[in-house]
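Asks: Next input, structure requested:
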Amino acid sequence: MSVAIVTGAASGMGKASAERFVAEGWRVAALDLEPAPVDGALAITADVTDMAGVASAIARIVEELGAPTALVNAAGVYPPSTLETMTVELYRRTFDVNVLGTPLVTQAAAPHFTEGAAVVNFASIDAFVPSPGQLVYCASKAAVVALTRSLALELAPRVRVNALAPGWVDTPGNRATGRMEAALASVPLGRAATPEEIADLVWFLTGEGRGAYVTGETITATGGSAFR
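Replies: Residues are numbered from 1 along each chain as shown. Below is the predicted model:
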C-alpha cells in the first residue's frame with residue numbers, strides 16, 4: 001500500500017490533500033504543529049523548522065506506515081507585511097516555515113522514498129503576481145519555486161518534484177484576511193477554489209500513473225486571475 005506524508009495537514013489545503021490520499025486507500029501521515037484531525041490518518045505533531053524533530057517524525061512514519069511514495073509540503077504561514085511593517089522576527093518566521101521547512105522535510109524523507117515517488121511543494125501565485133501588503137510572503141513563495149526546480153534536478157530520475165501555486169482558496173485562514181471577497185471580483189471564474197480542487201491537483205502530481213512526465217514545474221490554479 002502506498003504511503004503519503006502531508007505537512008500542514010491540520011486545516012485548509014493540507015487537510016484536504018491528506019483526506020484525498022485516505023480516500024484513495026493510501027496510508028497517510030498527517031503532520032502539523034497541532035494534532036491533525038484527518039480520519040484514517042496517522043497524526044504526527046512536529047515543527048517543520050526543527051531539523052531533529054522532523055527527522056524523528058519521518059523515522060516514526062517509516063516505521064509505522066512504511067516507505068513514502070508521496071510527500072506534500074503544505075505547511076505555511078502568511079502574515080501580512082510591507083517595507084514599513086516588516087521585522088526581522090516576521091521575516092525569519094515566514095522564511096523558516098515556508099522555505100526552510102520544505103527542504104528539511106524532503107531531506108529527511110528522501111532516503112526512504114520508493115522508486116517513482118513524488119514531492120509537491122506549496123508555492124503561491126504571489127510568487128509570480130505579488131499581492132499588496134505581502135512583501136515577505138511573496139518572496140518566500142518565490143523561493144519555494146526555485147527550491148522546487150533545484151530539488152527536481154537533484155532527485156531525478158528516482159523522484160519527481162513539482163509545486164502548486166494556487167490563487168484564492170476558500171479556507172478559514174483566507175476568509176479571515178478580510179480581503180478575499182473583494183479580490184474575487186477580478187477572478188474570471190468568479191469564485192475561489194475549494195481546498196478539494198487543490199487536492200485534486202496534488203493527486204494528479206503524486207497519484208500512481210498520473211503526472212508521470214512532469215517534474216520541476218509549478219502549476220498555477222487561479223481561476224484565470226494569473227493571466228490578467
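Asks: Validate this expectation: residue 34 resides in a strand.
Replies: No: Residue 34 is assigned coil when assessed by DSSP: H, G, I helix; E, B strand; the rest coil, not a strand.
Asks: Please name the nearest non-neighbouring residue to it.
Replies: In space, and not counting its chain neighbours, residue 34 is closest to residue 10: 5.2 Å by C-beta to C-beta, 6 or more residues apart in numbering. Every C-beta, even on glycine, is put in place using the N, C-alpha and C of the backbone.
Asks: secondary structure class for that neighbour?
Replies: Here residue 10 is recorded as coil under three-state DSSP.
Asks: Wait, it touches residue 41, no?
Replies: No: contact between residue 10 and residue 41 fails when scored by C-beta atoms under 8 Å: they sit 10.9 Å apart.
Asks: neighbour-wise, which of those two wins?
Replies: residue 41 (23 against 20; other C-beta atoms under 10 Å).
Asks: shouldn't that one be in contact with residue 26?
Replies: No: look at residue 41 against residue 26 with C-beta under 8 Å: they stay out of range, at 9.3 Å.
Asks: CA-only coordinates of stretch 19-39, as PDB, when you get a sec.
Replies: Output in PDB follows, covering the C-alpha atoms of stretch 19-39 (Å, rounded to 0.1, in the frame of the first residue of the first chain):
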ATOM      1  CA  GLU A  19      -8.100  13.400   3.100                       C
ATOM      2  CA  ARG A  20      -7.800  12.700  -0.600                       C
ATOM      3  CA  PHE A  21      -5.000  10.200  -0.100                       C
ATOM      4  CA  VAL A  22      -7.000   8.500   2.600                       C
ATOM      5  CA  ALA A  23     -10.000   8.300   0.200                       C
ATOM      6  CA  GLU A  24      -7.700   6.700  -2.400                       C
ATOM      7  CA  GLY A  25      -6.700   4.000   0.000                       C
ATOM      8  CA  TRP A  26      -3.200   5.200   0.900                       C
ATOM      9  CA  ARG A  27      -1.600   5.100   4.300                       C
ATOM     10  CA  VAL A  28      -1.300   8.700   5.300                       C
ATOM     11  CA  ALA A  29       0.800  10.600   7.900                       C
ATOM     12  CA  ALA A  30      -0.800  14.000   8.700                       C
ATOM     13  CA  LEU A  31       1.900  16.200  10.100                       C
ATOM     14  CA  ASP A  32       1.300  19.600  11.800                       C
ATOM     15  CA  LEU A  33       2.200  21.700  14.800                       C
ATOM     16  CA  GLU A  34      -1.100  20.700  16.300                       C
ATOM     17  CA  PRO A  35      -2.700  17.200  16.000                       C
ATOM     18  CA  ALA A  36      -4.300  17.000  12.500                       C
ATOM     19  CA  PRO A  37      -7.900  15.700  12.600                       C
ATOM     20  CA  VAL A  38      -7.800  13.600   9.500                       C
ATOM     21  CA  ASP A  39      -9.900  10.500   9.800                       C
END
